[in-house]
Every structure is written in structure tokens, then in C-alpha cells.
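J.: model this:
(2 chains)
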Amino acid sequence: MMKRCYLLSLFLLLSTATACCGVDTSNKPGVPKQYVIAVVPKATIHEFWKSIHAGAIQGAKESGVKILWKGPLLESDPESQINVVQDFITKRVDGICLAPLDPHALTGVVRDAKAEGIPVVLFGSQLDAAETVVSQVGTDNAHGGAVGARHLGQLLGGKGNVIMLRYTAGSVDSDQRENGFLDTLHKEFPDIRVLSDSEYAGASAEMALDKSQQLLEKYGDRVNGIFTPCQHVTLGMLRALEERGLAGKVKFVGFDSTPGLVVAMREGKLHGLVLQDPVRMAATAVKTLAAHLKGQQVAPQISTGEYLATPENMDRADIRALLEPHLGEE
Amino acid sequence: MTAARNCLTNDPSGRLPGILRRLANLLGPFLGLAAVIAFFAAAELVQSFWRSGQTPGEFLSSYHSTFCTIRNVQTVLVQTATVAVAALGMTMIIVAGGIDLSAGTALALVATVFACLLRAGWFVAPALLASLLVGCAAGWINGALVSLLRIVPFIITLGTMTFYLGLAKLIAGETTVRPGLDQIPAWIPALVTPRPNSAWLLVPPGIWLVVGLTIVMEGVLRYTVFGRQVVAVGSNEQSARLCGVRVGLVKTAVYTLAGLFVAVAGILQFARLSSGNPTSGIGQELRVIAAVVVGGGSLSGGRGSMFGTFAGACIMAVISSGCTMLELKNPVQDMVIGIVIVAAVILDQIRRKRFGP
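T.: This is a model prediction of the structure:
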């Protein structure tokens, strides 16, 4: 009997402790109800998502809402992400900011949220059923690709041979970047020849390295400029260029930043990076949803801008902030 | 029989009347589930009270749990379905003294094949049949290799795990396969939408399918010759062989059957995602194995129950849901799940000592 009492008290103690882990004391009695917004990223470990988290916190502070930050338990797993969104619907949060991992798989759960009267704002990526969401906040990927094309075209003086290594088949964001790049290049620099634009790098930096090595094996003696549509493909291509002693000789423009790429740019191996603004993207998403909850009209599409970092401007304060985003504390 | 065993082993559970003991055995696996639910319900109550700043009287009169609601039961069950079905097959394998590390990637392989066939314009029935056959074939390959080569199943299935991953990627052309929304019949996503279209169902049809399969498989394991042979092989392979059990055949059959369950799990995953992603099964095998172990299955073979496995799968989903309700962060949630897996096994051992196997 003693033992039972002991077990029961331990149980209660533990549940109290667990409960208090998640407690914050911001909701004092007498203060009007504070909106609670769930922010669901694609993953939580990667640096890009750390910047998103910092932005979400900033947006929450500015609009006076409370955010619940929770990513899929298995990184980059759509099923895990669906579970998280379903749990937040059950918890009856006031709204959800979502970066959908898959434009297809997340449509059902976003419809469910709408049916339950919980508004959803998308950030960073798109969804097949765009009509079910309040607003889409993100990068204009096609314009980002165009920015890259203009920079590379100018670096080459409007002539030469170019390679573009794609990310992976079926990724909507990078497809738009790649097509934006090619369209602008063909239109504005008709004398530049594209040697290869049909190869896909795959999901990891290692696979990107393999593919880059193959491409340089084939075209290494002729290529003058290279464009890569996302961070790890840029890293893989950079390594392949270094291995062949071509780094710095071939004009190279990438997309998205990481500390390794900043170093490469300083060493003159990388001549441009198209940048998004994750902090502003997440802050805008949270603020847009908060405004909607307060009954204001919001735009259905909001672009948070595309920027170009070059070896010349990389030390300017505004570009520096995007190249090496300051990670906010909660 | 019971009395005789009690005499022989001096089983303390002899104190309980037979019917109560049976009930305890049947409900045993669900006690852990009840404990986990009670834990999160209590934690949520304490947390809400802490935040409200009201007196206990005021608080209790206006308190609504978000955790203990029909809605949340529906959501949690839907989140359990994929792992639970695959875990039924895994229970068979584990009872037979084996293990299947390829369950996760084989599951994704089936989902990918199904997605490809639908995208190619196949009718649902043949596409479904073909996908189930792919699952069986994947299981049969595991079983045949294990019994023919006599290499431990851990190694064999470690190999087939990456093989099936590669095969799925190859079939999908290294991308996610998304059939047009008009190519997917409406009843497939409806299998696992949290709120069923017909309210009298209470939970979506996919969950009833899982419950039905659990009951059938419990029957197969307990009351059929095949089921008893599986237990015999898992308890002691040598004596089973000496008793005339065709061990190789039983093992192959077990893995093939488990492949069928993996295939059903793959279809359910497709129903949730409306797409086939070759990599979406990576890591699932560990969740499946954890469900079996939390439900009282023994990795050394010979012991395990389908009801236990079902409860085990539910426990894992309840923890995920509970952690979100309590606003705990993912790292905390990972740690809680780890603790629960170990705690569940300890509790199970205590229960066994008290109430017999």
C-alpha cells in the first residue's frame, strides 16, 4: 500500500514537472486574450530554419501574439508534418503558419484546418490548394533565378558557355528558380550558349558533388559560367571546381547562403549568391496571420524580396545580415 | 491445466479467480496506454490551472481538456494506423524470433508503386492488388533468404532495407510520385481523414480495418496450428524442428505474411500523403519495432501479442499528441518517447511477475 502511494505521488510529481516545462507566464489574468499561432517549419536543425525561427519570434513580438514552434519529428518527413498540423488543429490554436514539405500531401490537412475555422498562412513554399489559405508569403523564385541570370550574364560580358545543374525533379521552388534563370538568360543574353541544363543533382551535397564532377569531366575545358539553384548543390559544385583547379576561373553564381559559401566568396571562388530573407519571411508570415485574426485585410501573395550578394557588396551591413543571419534568442 | 501449472510454478496469480486473470491478461497491454493517457491528462490539467491564475473552484467549473476529446482520439488513431498495421506483421516476425529492418523502406516501396500505377491510369482494384503483391514479394524475399542462407535476419534485412530503398527510388525516378488528385478515388484519403464522413463510424474506416486485422491476427497467433508453430519456432527453434515443424517453411510464411501487412501500411501511408515518396519509410522500421516492444513483444522470440502491439503503437502516438498539447519542444518529445519505451518494458515485466504470462 505504501508503495502504491509512493508510485502515485511520483506520477503526479512527474506530470506537474512535465506540465511546467511548457509553461510561460505571459498570460496574466485580466489581460485580454493573446492569439496563439503555431509555426510549423519543414525541419528544425538546418541553419535556414534557425533564421526562420528567429524571424517568427521577431514577428510575434511586433504583433503581440504568442507562437508555438514545432517542426516534424522526423526531419523533412511529410507524414510527421501532417501529424504536427493535425495536433495543432486539435489543440485549437488561433492560426497556423506552415511551410509545406509537399505541395500535394499537405493539402488535406490544410483543408481540415480551414473547415475547423483555423486560418493558415503559407511561407517559403507553395501548396496545390492555394485557395484554402489566407496568404502566401515567400520568395519570388522565378525572379530570384532571373537575378542570378543577369549577374552571370554581366560577369561573362554577354558571351560564353554556361552550365546549370538542377536540384531534384519535382521540387517546385527550385524548378521556378531554374526556369527563371534560363528564360532571362535566353532573352537578355542571346549570345550565351547553355551547354547543359538537364542534369539533376539530387538531395544531398554528396550526390551534387558526384554530378558536378561528371559535368566538369565533360565540359570542364569549355565552360565559362555556372549556376546552381540551391545551397547544397552550390556546395557540391564548389568542391568539384576546387578539385579540378577551376575554382575562381569559372564564373559561379549560386542560391542561398551558408558559412562555407561566404568563405568561398571571400576567396574569389564564388562570384554571386542570390539570397532570400528568411527572417523577414517568417516575421511577415506571423504578422500577416496576426493581422488577419484581428480582422484586417491581407494580400493573398506577399514577396519578401530576392537579393544579390557579390564579392564587392558582401561587407555591406544589409547584405551581411542576409549572408550570415543573426540567430535570435527566444 | 491452470491449476496444475500454478502448483508447478507456485504462481502467485493463483490468488485471482480464473476469469479475472484472463481479463487482466487481455487488458494488460492497455493498462500502460491508460497510464500514459492519464499522465498527459493530469499534466494538461496542472498546466492549464497554473496558467489560468484562478482559484481551483473557478478553474474546474470552466475547464475543457483539449487532450481528452473525441477529436483527439480520432486524430491519434489516424496517426497510429500506418505504424500499427506494419507492427502486426512485425509482431509475427518477432514472435518467431526474427526481425525485419526493411519494413520501413518496403512500406515506402509499396506506396511508391501504388502511386505510380495510379498515375499511369490503372484502375484502383488491380493497382491495389499489384501493390499488395509487391509487399508480399518483398517479405517473401526476406523470408526465403533468412531460411535458405541461415544468416541472421538482422543482416539479411539490413541489406534488403537499402535494396528496397534503391528500388523505390528507381521506380519513382528519384522523385516524389504525385498522381493527379482526380486519379485518386475519394475513398482512399477518406480511409484516414480524422473525422469520418459518416458520423456513426466514430473513427475513419482505415482504423476499423486496423482493429479488425488486430483481432484476426490475435486469433491466428493464439488458436491456429500455424500460430502455435510460429511461437514454437520463436521459443526454441531446435525443439520445434525435432517436433516436426518445418521451420524454414514457417519462417518464409511469416515474413511473407508480414510483407502483406507492410503493404497495407504502405497503402495507408499513401492515403495520408496522396503521394508516393521513396524515402518516406526511412526510420519507420524503428517505430514499428518500438511499437511491438512497448506492447510486450520479446526480441528473443516466443512472446508477443497483437493487442499489445496495437496498444504499443497507440502509446507512441499519444505521446506525440500529448507533447504538442503541452507545447513541449521536439527534443523533449524525443527524450520522453525514449523513456517510455524503457519504462514500458519494465512495467511489463512487473506485470508478468504478478499475473503470469
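J.: and residue B:244, helix, strand or coil?
T.: Assigned state for residue B:244: coil (three-state reduction, DSSP: H, G, I helix; E, B strand; the rest coil).
J.: so what's residue A:240 up against?
T.: A:209, A:212-213, A:215-216 (Cβ atoms under 8 Å, 6 or more residues apart in numbering or on different chains). C-beta coordinates here come from the backbone N, C-alpha and C atoms, glycine included.
J.: please read the previous query as pertaining to residue A:149.
T.: A:180-185, A:188-189, A:227.
J.: same check on residue B:288?
T.: Per Cβ under 8 Å, 6+ apart, neighbours of residue B:288: B:83, B:86-87, B:90, B:103-104.
J.: give me the below-cutoff pLDDT ranges for the stretch 51-200 of chain B.
T.: Residues of the stretch 51-200 of chain B meeting the criterion pLDDT under 70: none.
J.: got the residues of it near chain A?
T.: With Cβ under 8 Å from any Cβ of the partner chain as the criterion, the stretch 51-200 of chain B comes near chain A at residues B:51-54, B:66, B:69, B:71-72, B:75, B:78-79, B:82, B:173-176, B:178, B:181, B:189, B:193-195.
J.: confirm residue A:295 sits in a helix?
T.: No - Residue A:295 is assigned coil when assessed by three-state DSSP, not a helix.
J.: my guess is residue A:68 contacts residue A:84, does it?
T.: No - look at residue A:68 against residue A:84 with Cβ atoms under 8 Å: they stay out of range, at 10.0 Å.
J.: circling back to that earlier point, just the closest of the contacts of residue B:288 to residue A:305, please.
T.: Closest approach between the contacts of residue B:288 and residue A:305, by Cβ to Cβ: residue B:104, at 40.3 Å.
J.: quick check, that closest one in a helix?
T.: Yes - under three-state DSSP, residue B:104 falls within a helix.
J.: what is the neighbour count of it?
T.: Using other Cβ atoms under 10 Å in any protein chain shown, residue B:104 is surrounded by 27 other residues.
J.: one more: residue B:111?
T.: Other residues near residue B:111 come to 31 when the count uses other Cβ under 10 Å.
J.: helix or strand next in line after the helix or strand harbouring it, which one?
T.: Taking DSSP states H and E as the criterion, the element that holds residue B:111 is helix B:103-119. Sequence-wise, the next helix or strand downstream of helix B:103-119 (DSSP H and E) is helix B:124-149.
J.: list the buried residues of that following helix.
T.: B:127-128, B:131-136, B:138-147 (16 or more other Cβ atoms under 10 Å in any protein chain shown).
J.: now the spatially closest residue to residue B:347 that is not a sequence neighbour: how far from chain A?
T.: Leaving aside its chain neighbours, residue B:347 sits nearest to residue B:32 (5.9 Å; criterion: Cβ to Cβ, 6 or more residues apart in numbering or on different chains). Distance, residue B:32 to chain A, by Cβ to the nearest Cβ, to the nearest Å: 13 Å.
J.: what sits against residue B:32?
T.: For residue B:32, counting by Cβ under 8 Å, 6+ apart, the contacting residues are B:294, B:311-312, B:315, B:344, B:347-348.
J.: of the contacts of residue B:288, which is the nearest to residue B:242?
T.: residue B:90 (27.5 Å).
J.: which element, helix or strand, includes the closest one?
T.: Going by DSSP H and E, residue B:90 is in helix B:70-95.
J.: ok, now how distant is residue B:289 from residue B:316?
T.: 11 Å (Cβ to Cβ, to the nearest Å).
J.: my guess is residue B:139 contacts residue B:265. True?
T.: No - Residue B:139 is beyond contact range of residue B:265, at 11.9 Å (criterion: Cβ under 8 Å).
J.: dump stretch A:219-229 to CSV, restricted to CA.
T.: Taking C-alpha atoms only, stretch A:219-229 is exported to CSV below (Å, rounded to 0.1, in the frame of the first residue of the first chain):
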residue,chain,number,x,y,z
TYR,A,219,32.5,20.3,-70.2
GLY,A,220,35.4,21.5,-67.9
ASP,A,221,37.6,22.7,-70.8
ARG,A,222,34.8,24.8,-72.4
VAL,A,223,32.6,26.1,-69.5
ASN,A,224,32.8,29.8,-68.6
GLY,A,225,29.9,30.2,-66.2
ILE,A,226,27.8,28.0,-63.8
PHE,A,227,24.5,28.5,-62.0
THR,A,228,23.2,26.3,-59.2
PRO,A,229,19.7,26.7,-57.7
